[in-house]
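Engineer: 3D model of this:
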Amino acid sequence: MGGGTDMSTELTSILNTLKTFTAEKLLSALVLLCVSLLVIKLVMRILTKLLEGPRFDQRMQKYILSAVRVLLYIRAALIVADSLGIPISSLLALFSVLGLAISLAVKDVLGNVAGGLVILFAKPFQIGDYIETDAGSGTVAAIDLTYTQLDTADGLRLMIPNSVLSDNKITNYTQLGTRRIDHAVSASYDDAIQDVRAACLQAVAMTPNILEDPAPMVIVSKYGDSSIEYRVRCWSRVEFYWDANYALLENI
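Structural biologist: Numbers count the residues shown, from 1 in each chain. I've put the predicted structure just below:
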């Protein structure tokens with residue numbers, strides 16, 4: 001009740017002020033508005049220059065510039081309103097109520113925007129990286145303020161809310177440039193360990209796009225009831241991982 005009465009009083013105060021406008025006041029406010037717009041344009045040019053460079057990517061530059069521009073326009077509007085005699089406190093109270101109403105209506109969107117800002121500044125991945133998340137895995141196709149788009153291996157596009165990504169674990173398979181191939185191989189107890197190891201290493205040597213450093217290795221991982229399990233481990237560049245992975249399996 002009290003909040004509604006206060007808001008009605010503030011709105012009435014603004015309307016009463018509008019009735020007192022004169023041509024002189026309007027002309028003065030118009031000049032002030034033009035000066036404010038010129039200052040905003042100058043500030044945005046300077047800020048654009050400061051944000052150029054590798055430290056901020058294009059998406060981050062865009063969002064920072066948009067946020068600063070909105071704040072400057074709001075500041076200019078308040079300055080012009082003050083020159084017209086409109087109570088700033090009344091305007092701020094009105095904006096506060098409207099802002100609260102909007103934030104409650106779009107709280108999920110705001111959560112995604114906050115997550116998007118975390119991703120843009122922390123940079124856990126970038127476009128082209130292959131990542132695994134609780135919501136799905138795929139190659140990053142786009143990063144927006146609200147959603148991140150992933151292209152899956154089976155030709156699907158996932159739209160994952162940024163709030164989900166920022167609150168959960170993300171595995172980036174691309175960022176370090178290399179990825180380990182790991183295959184399990186079973187062999188009979190009748191086969192000597194050194195012979196199985198030699199055969200597996202020969203299969204590795206036959207496979208293209210396997211790195212020599214780190215060196216490939218074959219280890220005994222488990223003794224089963226009727227066979228011994230080995231692990232064949234080697235490394236490949238990320239861009240060749242899947243081809244090398246399946247080629248090695250075939251060669252083994």
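Engineer: pretty sure residue 146 sits against residue 110.
Structural biologist: No. Using C-beta atoms under 8 Å, residue 146 is not in contact with residue 110, being 9.4 Å away. Heads up, the C-betas are built off the backbone N, CA and C, glycines and all.
Engineer: residue ranges of the helices in the stretch 1-150 of the chain, please?
Structural biologist: Taking DSSP state H, counting those that start in this stretch, the helices of the stretch 1-150 of the chain run over residues 2-18, 23-51, 58-83, 88-105, 107-122.
Engineer: pull out the buried residues from the longest one.
Structural biologist: Residues 29, 32, 36, 40, 47, 51 are the ones in helix 23-51 that count as buried (16 or more other C-beta atoms under 10 Å).
Engineer: pLDDT wise, what is residue 144 at?
Structural biologist: With respect to pLDDT, residue 144 scores 83.
Engineer: now it. Nearest residue, chain neighbours left out?
Structural biologist: Distances taken as C-beta to C-beta, 6 or more residues apart in numbering put residue 116 closest to residue 144, at 6.7 Å, once the chain neighbours are dropped.
Engineer: tell me how many other residues crowd residue 200.
Structural biologist: 24 (other C-beta atoms under 10 Å).
Engineer: scratch that, residue 225 is what I was asking about
Structural biologist: Residue neighbour count, defined by other C-beta under 10 Å, stands at 5 for residue 225.
Engineer: next one: it from residue 189, what distance?
Structural biologist: 10 Å (C-beta to C-beta, to the nearest Å).
Engineer: now residue 80
Structural biologist: Residue 80 is 88 Å from residue 189, by C-beta to C-beta.
Engineer: same check, this time on residue 50
Structural biologist: 69 Å.
Engineer: same check, this time on residue 65
Structural biologist: Distance from residue 65 to residue 189, by C-beta to C-beta: 68 Å.
Engineer: same question for residue 195.
Structural biologist: Where residue 189 is concerned, residue 195 sits at a distance of 12 Å (C-beta to C-beta).
Engineer: identify the residues contacting the closest residue to residue 162 other than its chain neighbours.
Structural biologist: The shortest distance from residue 162 to any non-neighbouring residue, by C-beta to C-beta, 6+ apart, is to residue 115 (3.4 Å). The contact partners of residue 115, taken as C-beta atoms under 8 Å, 6 or more residues apart in numbering, are 161, 162, 163, 164, 165, 166, 167.
Engineer: repeat for residue 231
Structural biologist: Per C-beta under 8 Å, 6+ apart, neighbours of residue 231: 182, 183, 184, 185, 218, 219, 221.
Engineer: what does residue 26 give?
Structural biologist: Contacts for residue 26 (C-beta under 8 Å, 6+ apart) come out as residue 84.
Engineer: check residue 31 too.
Structural biologist: By C-beta under 8 Å, 6+ apart, no residues touch residue 31.
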